[in-house]
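**Q** sequence first, predicted model second:
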Amino acid sequence: MGDLRGVAARHSGPARPCVAPGGYGAARRYGAALLAAGALAAVLSGCASGTTVESQAQQVYFQVPSGWRVFDQSQLEGGALVPALSGSAAPQFLAIAAAGPRPRPGAVFTASGYPWVISLVRPLSSAEQANISFEGLSDVVFNVDQAAQFGTSVQFNSQPQILVHGNLRGTRLSVNYNGNVDYVQVAWVNPATDKVWVLMAGCSVTCFQRQQGAIDRVVQSFYVSDRGTR
Amino acid sequence: MLALAGALSGCSTSVTYLGSSAQGLYFDVPGDWHVASPADLSRFQLYGPQQVALAQASGQSYPVYTSLSSAVPIARLARVRLTGPYPWALAQVYTLGPQDQATLSLQTLQDRMFNVDSLAQSGASVSQLSPTAIVVKGGLRGTLVRFSVVSSTASLAFEQVSLTNPATDKLWVLASGCSLSCFHANYSEINRLVTTFTVSDG
């Protein structure tokens, strides 16, 4: 599972997130209105070219096209999705974006006709901290390795890439799941190996071919600050 | 292999500085220890040039620096036993092959120099002398471990610190130890030299 042999590390510069007119200050003021008690802020800012989703507390940012619906963590808790995610600890940041006329968070990881995006930040357990490797990052959101062991087809569409950004390390994967879902995943780990930042974007195979440009732009916009991510 | 050695003299406690600036590794050992020559190292079969070339060609990991030093008397350095009564320090820097790069974890670092898992499976009594400590220095990550291995014919105890870089294409390891009784008798010296382990990744 996950052939990373022959991969050279690609040193990735930070992709700057789109900033609303007025700068990050405007985005933060808007975000304050969405702050749930005890939860970290998922700040949405409208930009001419898209919507920025960010958590300053978790040092994560990405952008989706205008018109995609964004669901923040408070809207997702209590649903079936959160328990289905890999890992025993609750995510410190979770956001889903979905395109289409009737976007829904349940479209994530399905052969939807419209693109979906899931991004999360979560702690790694002691066992994960000890055992996680570049190869293991493919299972950090959904355990595709386990799915493959139970007979689900999991194929890499291209050679996985190892990424380095300052002190962070990670991988970029392009996967075909079950023959009918294509997705791209970027995952980052800190040096202490106790935290992971992930973004996955995908949809059905035909949708992915049609929307690859938009999906690539979302993935390219995914930015994790190296500051304070020990 | 570029070895860097220097000695401080005129101090009540002298040390010998070892390591390789080219490989970003620095540590020191007691000044009265002896450092194995390349000829000595070749007798330990710690990866000769031919093996390195084979490993490179097949994409496997291979050492780019090796240093062995010991408190053993100089006349016996070429035949020093890691399970013997004199403490030693063994340092290596590896270029990691793609397979190791993809699968390396903090857990697997402990087996890098002495495969304690294999030793346990082959019947030796392996004890972890203290919990694994995770080491983080900037972007470098690794572990500090202490193990004892006892078989019917010998015992070995060692302390080992390992660090790898974010790209996980390089690994620095320093281990120090000797027989179990020697380890306990010389622990402060062994622990001190392990704490001098310093890595600079470019």
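**A** Sure, I can see it. Residues are numbered from 1 along each chain as shown, chains lettered A, B, ... in the order given.
**Q** can you list the low-confidence ranges for chain A?
**A** A:1-48, A:78-84, A:86-88, A:227-230 (pLDDT under 70).
**Q** what residue lies at the spatial centre of it?
**A** The centroid of chain A falls nearest to residue A:199 when counting by CA atoms, centre = their mean (1.1 Å).
**Q** run through the residues that contact it.
**A** Residue A:199 is in contact with A:62, A:117, A:118, A:119, A:185, A:186, A:187, A:218, A:219, A:222, counting by CB atoms under 8 Å, 6 or more residues apart in numbering or on different chains. Every C-beta, even on glycine, is put in place using the N, C-alpha and C of the backbone.
**Q** let's see that with 10 Å instead.
**A** A:53, A:60, A:62, A:95, A:97, A:117-121, A:141, A:172, A:184-188, A:218-219, A:221-224 (CB atoms under 10 Å, 6 or more residues apart in numbering or on different chains).
**Q** after the lengthiest strand in chain B, which helix or strand is next?
**A** Assignment by DSSP state E gives strand B:125-137 as the longest strand of chain B. Once the chain leaves strand B:125-137, the next helix or strand it forms, by DSSP states H and E, is strand B:140-150.
**Q** could you check whether that next one is close to chain A?
**A** Yes. Counting by CB under 10 Å from any CB of the partner chain, chain A has neighbours in strand B:140-150: B:140, B:141, B:142, B:143.
**Q** for the second one, which non-adjacent residue is spatially closest?
**A** When the adjacent residues along the chain are set aside, residue B:141 lies closest to residue A:191, with 4.5 Å between them (CB to CB, 6 or more residues apart in numbering or on different chains).
**Q** also the first one?
**A** Excluding the flanking residues, the one nearest residue B:140 by CB to CB, 6+ apart is residue B:163, at 4.6 Å.
**Q** just the strands in chain B please.
**A** Under DSSP E, chain B gives strands at B:6-7, B:15-20, B:25-30, B:34-35, B:62-70, B:88-95, B:125-137, B:140-150, B:155-164, B:170-178, B:198-199.
**Q** which bits of chain B sit near chain A?
**A** So chain B meets chain A at B:59, B:97-110, B:132, B:134-143, B:164-169 (CB under 10 Å from any CB).
**Q** now restrict these to buried residues only.
**A** When the residues of chain B next to chain A are checked for burial by 16 or more other CB atoms under 10 Å in any protein chain shown, the buried set is B:97-110, B:132, B:134-136, B:139-143, B:164-169.
**Q** can I get the strands of chain B in TSV with mean pLDDT?
**A** Formatted as TSV, those follow (pLDDT from 0 to 100):
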stretch	mean pLDDT
strand B:6-7	40
strand B:15-20	96
strand B:25-30	97
strand B:34-35	93
strand B:62-70	93
strand B:88-95	96
strand B:125-137	96
strand B:140-150	97
strand B:155-164	97
strand B:170-178	97
strand B:198-199	97
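**Q** reformat those strands as TSV; add distance to residue A:134.
**A** Putting the strands of chain B into TSV (distance: least, CB to CB, whole Å) gives the following:
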stretch	distance to residue A:134
strand B:6-7	38
strand B:15-20	26
strand B:25-30	24
strand B:34-35	36
strand B:62-70	20
strand B:88-95	16
strand B:125-137	18
strand B:140-150	13
strand B:155-164	11
strand B:170-178	14
strand B:198-199	20
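**Q** cool, thanks, signing off.
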